[in-house]
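>>> Sequence below, structure please.
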Amino acid sequence: MASKDSDQNLQEGNEAVESEEKIAPSEESVKDSQEGEETNNYPELPRADLLLEELEQNANKVASDLAFISGGLRVNLHALSNICRQYIEVHQLAVNGIGETVDRSLAAMSSLMVGCEQISENMPPVEKLIEQLKSVKKTLDILEDAVLPPK
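Have a look, this model is predicted:
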């Protein structure tokens, strides 16, 4: 009976191994199928020299675009620099002109004030003259009334 049980266990074990072989393929068949799948699933890669050539073309295009942009930037910076320089020159002329104008204005104002002071100093004799003229007019009015007949 022990030998029947062991024979039966051995037979069941062999059947299990056979069923595993049917279910799980061998390692060689798995490798073969994986290699076949890799070639089937992935497109063939382009050659390295084609990739390098395309990379070089893209790099040259980027370099030419960068040179173009840099050239435009250089031109714009020169134009802005010229505008700034012109602004500074105009500002300097304006400041200098304002300074000169203020100096002339101060000189003219000073002259005006001196002239006003001189006129103020010379006013008392003029006021005396005005009083004398009023007196002469009054005398002339009296003389006219005496000489001319009443109307």
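>>> any idea which element residue 57 lies in?
Taking DSSP states H and E as the definition, one finds residue 57 inside helix 48-147.
>>> how close does residue 113 get to residue 120?
The gap separating residue 113 from residue 120 is 10 Å, by C-beta to C-beta, to the nearest Å. Just so you know, the C-beta spots here come from the backbone N, C-alpha and C atoms, and that holds for glycine as well.
>>> Equivalent analysis for residue 48, please.
104 Å.
>>> And residue 72, by the same measure?
According to C-beta to C-beta, residue 72 and residue 120 sit 70 Å apart.
>>> What of residue 149?
According to C-beta to C-beta, residue 149 and residue 120 sit 47 Å apart.
>>> okay, these two: which has more neighbours?
Comparing residue 149 with residue 120 by other C-beta atoms under 10 Å, the one with more neighbours is residue 120, at 9 against 4.
>>> residues touching that one, list them.
Contact partners of residue 120, counting by C-beta atoms under 8 Å, 6 or more residues apart in numbering, are absent.
>>> tell me the phi and psi of residue 149?
phi -70, psi 150 (degrees, to the nearest 10).
>>> Same question for residue 148.
Dihedral angles (degrees, to the nearest 10) for residue 148: phi -90, psi 140.
>>> can you count the residues close to it?
Counted with other C-beta under 10 Å, residues neighbouring residue 148 total 8.
>>> same question, residue 58
10.
>>> can you check residue 138 too?
For residue 138, the number of neighbouring residues by other C-beta under 10 Å comes to 10.
>>> Test for you: state the pLDDT assigned to it.
At residue 138, the model reports a pLDDT of 93.
>>> repeat for the one 4 residues further on
In this prediction, residue 142 carries a pLDDT score of 89.
>>> Relative to residue 136, how far out is it?
Residue 142 is 11 Å from residue 136, by C-beta to C-beta.
>>> again, but for residue 128
According to C-beta to C-beta, residue 128 stands 13 Å off from residue 136.
>>> Residue 103 now?
Distance check for residue 103 against residue 136: by C-beta to C-beta, it reads 48 Å.
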